[in-house]
Each structure stands twice: as structure tokens, then as C-alpha cells.
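Asker: Prediction below, plus the sequence it came from.
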Amino acid sequence: MAKERILMYASKQWSLNAYDYQIQKDQSPFEIVASPDLLGENTVHQAKGFKVVSIFVNDKLSAKTAEALANFGVGMVVLRCAGFDNVDVEACTQYGITVTRVPAYSPHAVAEFAIALLLGVNRKIHRASSKMLHGDFSLDGLVGWDLHGKTAGIIGTGQTGAIVANILHAFGMRVLCNDIYKNASLLLIPNLTYVDSLDEMLPQCDVVSLHCPLNAHTLRMVDAEFIHKCKRGFTLLNVARGGLVDSEALLKGLREGQVGAAGMDVYENETEIFFHDRREAGIHDDNLGRLLLLPQVLITPHQAFLTRDALGTIVETSLESIRQYLSGKRLHEVQHSLNKAPK
């Protein structure tokens, strides 16, 4: 049986290994063709001759790129992630391209990482490790604070946000939640309350954790006004999308002490930086460079999802979507499709 070739944009060895393992395990008739490049208008030509392409969080699938994919004969785009703010789904549907995602590969992986960032930046674990590597075993600059008895604000209570809320509640924190849709699993938990207004929530919170999607309404929601409303010295956590935070406003808040600390696994201009080795090329983003130098900031390279469990779910889910497409299902008929059914 001839193997179906799948072009994987933004490929990395850890991702290729996970797909190769599952394909061999299932004896699936697929062959992954790796491209280290991001999908975009300048790289879309690589998709010529493929029916299926796979993309990740920083690829850009615009209307123009969708048209080019369709002209090259591509009928399916498989996202190896949950977020799809980088994809013009409407244009893909117009050109008959099926678009699928992995909606819940491991909310526990991301939630647990958010807690790791909070503990790391609060208890100065990254600073302690760096000091010891340089022979400094003193405790200067390593004072943190107890989470127990403090107040955390969770913005977005989908699966990941709800898990973070539960973990922080287990630490003995008072938890305030804000979301258009209330998560039923949280409603009966004592000392955990939904607050309708951020104006009411933010001044009370020692920790603010972001778990909402990136869209026109949430783009740079953490701006100077948002930060001004927060409790002085609060800790900001972001494991959702980099574009939720205005980095200029964050830097100003950190310099002035309004923001006490920040733990982030994402950055608003991460596309050409994260997932790449920049040791020789350097970092040409001044705001990121400044943030990385601040002792009260802990930034990681979009790795919150990166567990064996999550990778396994991503691979299994995306391969099953491809099987359904190749069996004849199209657009909204395929599992986890982003294409809307016709009215």
C-alpha cells in the first residue's frame, strides 16, 4: 500500500519522533515529510503535491495562503495544537480545505506548568539555581511569600483554567474566577467565587493567571490600564497566548513595582524566536531581551504542553482526523473540525 505523505511545517525532532513512534506502532500508511519552516505566504509552495499538511502554533494560514494551498491541491490542514488564532478558518472553508485541531491534548500539562512558573518565580528557584552555578550559596535576593491565604484570580475557566483554580484552591488560596461561561465543576467549591467584573477582581488578587483565547477582544488585554487596576506587587502568569499581554506595559509595570513578578510561557512576538536555537543569531527583540534580564521574571519557550502524555494525545488525535479525511469525510464531518456546517 502506498503511503500518504504528510507535510509537517515547523517540524522539530521531538515532534517527528512522537509521530514516527505512533505511525510504526499502529502500522499506519503515513509518511511524515519534515519542513523546519513556518507556513506562510513565502513557504506555501512547499505544500505542492501534498493532500495534507500539518501546522503548529506559530504558522500563519491567511486567506492568501489558503488560496495557494487549495491551488496546490491541499485539502486538509491539521493543527497540532488547540489554539487557532493563526488560521483564517473562513477562508479555508471557502476554498474547501478541512481544518482540524487538537482541542484538549492535556490541560493538566499546561495547568501544572502554570503552577511551576508561579512557584518558580515566587520562590526564586531560577535565581537560586543560577547563583549556585556561579558559586554563590547565599540566600540574598531569594525571599518569597506564602501562597496559602492569598488571593488568585483566574481569567478564563475552561479546562486548563479550572485545573489551575483547583490546584491553587488546594494550596489554601482564595480563588476568584472570571469568564463569560461559568464552569459547573467550580461552582460548588468553597472559597472559590465567580466575579463578573475584572474591575472588581483585579484589585483583590495577589496572582492573576491568564487562560483565555486570543481574539479581537482579548488582544493585549493586559495593558497599562489593566495593570493599573491590579493590586500593587501582583504576580502575572500567562500560559495561554503571548498576544494577551502588552510587553511594553508589562515592562513599565515591572519597573515601577506595580507588577511584582511575571511567569510566562508565551510572548507576543515569539514567532521567529521560540522553538529555535538563537544562541548565535541572538535576540533582536528589545522587550524580550529586557524581560529576560529582570530577576523577577521567569520566561520559558512555549513548553507548557510538552509532556509525553500530551504529545501522545496530539499525535493520536491528529492522525485519526487524517484517517477520517482520507476515508471521504470533509470539512465539518471530520472530528475536531473548525469548519462550520452549512446552514
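Answerer: Structure received.
Asker: Does G253 touch V259 like I think?
Answerer: Yes: assessed by Cβ atoms under 8 Å, G253 is found in contact with V259 at 3.7 Å. Any C-beta I mention is one placed from the backbone N, CA and C, and that applies to glycine too.
Asker: which neighbours do those two share?
Answerer: I227 (Cβ atoms under 8 Å, 6 or more residues apart in numbering).
Asker: which ones are touching T271?
Answerer: By Cβ under 8 Å, 6+ apart, the neighbours of T271 are 38, 58, 60.
Asker: Give me the pLDDT value at it.
Answerer: pLDDT recorded at T271 is 89.
Asker: Helix, strand, or coil at it?
Answerer: When classified by DSSP: H, G, I helix; E, B strand; the rest coil, T271 comes out as coil.
Asker: Report the separation between it and V259.
Answerer: Counting by Cβ to Cβ, to the nearest Å, the gap from T271 to V259 is 24 Å.
Asker: so where do the strands sit in the chain?
Answerer: 4-8, 30-34, 52-55, 76-79, 98-100, 151-155, 174-178, 192-194, 207-210, 234-238, 259-264, 297-299 (DSSP state E).
Asker: Export the contacts of T271 to CSV and append columns for neighbour count.
Answerer: Output for the contacts of T271, formatted as CSV (neighbours: other Cβ atoms under 10 Å):
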residue, neighbour count
L38, 19
N58, 21
K60, 17
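Asker: which one of those residues is nearest I154?
Answerer: Proximity of the contacts of T271 to I154 (Cβ to Cβ) peaks at N58, which lies at 25.7 Å.
Asker: Can you tell me the closest non-neighbouring residue to the closest one?
Answerer: Counting by Cβ to Cβ, 6 or more residues apart in numbering, N58 lies nearest to T271, which is 4.4 Å off, once chain neighbours are set aside.
Asker: mind showing which ranges of the stretch 1-150 of the chain have poor pLDDT?
Answerer: Across the stretch 1-150 of the chain, the ranges flagged by pLDDT under 70 are 1.
Asker: Recalculate using a threshold of 90.
Answerer: Applying pLDDT under 90 to the stretch 1-150 of the chain picks out residues 1-2, 82-83, 104-106.
Asker: ranges for the helices of the protein?
Answerer: Under the criterion DSSP state H, the chain contains helices at 13-26, 63-71, 89-94, 107-122, 125-133, 159-170, 198-201, 224-229, 247-256, 286-293, 308-326.
Asker: Kindly present those as CSV, with separate columns for distance to P213 and mean neighbour count.
Answerer: CSV is the format used below for the helices of the chain (distance: least, Cβ to Cβ, whole Å; neighbours: other Cβ atoms under 10 Å):
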stretch, distance to P213, mean neighbour count
helix 13-26, 23, 15
helix 63-71, 20, 18
helix 89-94, 13, 18
helix 107-122, 13, 21
helix 125-133, 28, 14
helix 159-170, 11, 22
helix 198-201, 16, 15
helix 224-229, 17, 16
helix 247-256, 19, 18
helix 286-293, 22, 14
helix 308-326, 18, 19
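Asker: Which one of those lies nearest to A216?
Answerer: For these, the distance to A216 is smallest for helix 89-94, at 14.0 Å, taking Cβ to Cβ.
Asker: helices and strands around that closest one, which ones?
Answerer: When contacts are defined as 3 or more Cβ pairs under 8 Å, 6 or more residues apart in numbering; DSSP states H and E, helix 89-94 packs onto helix 63-71, strand 98-100.
Asker: If anything else comes up later, I'll come back, but that's it for now.
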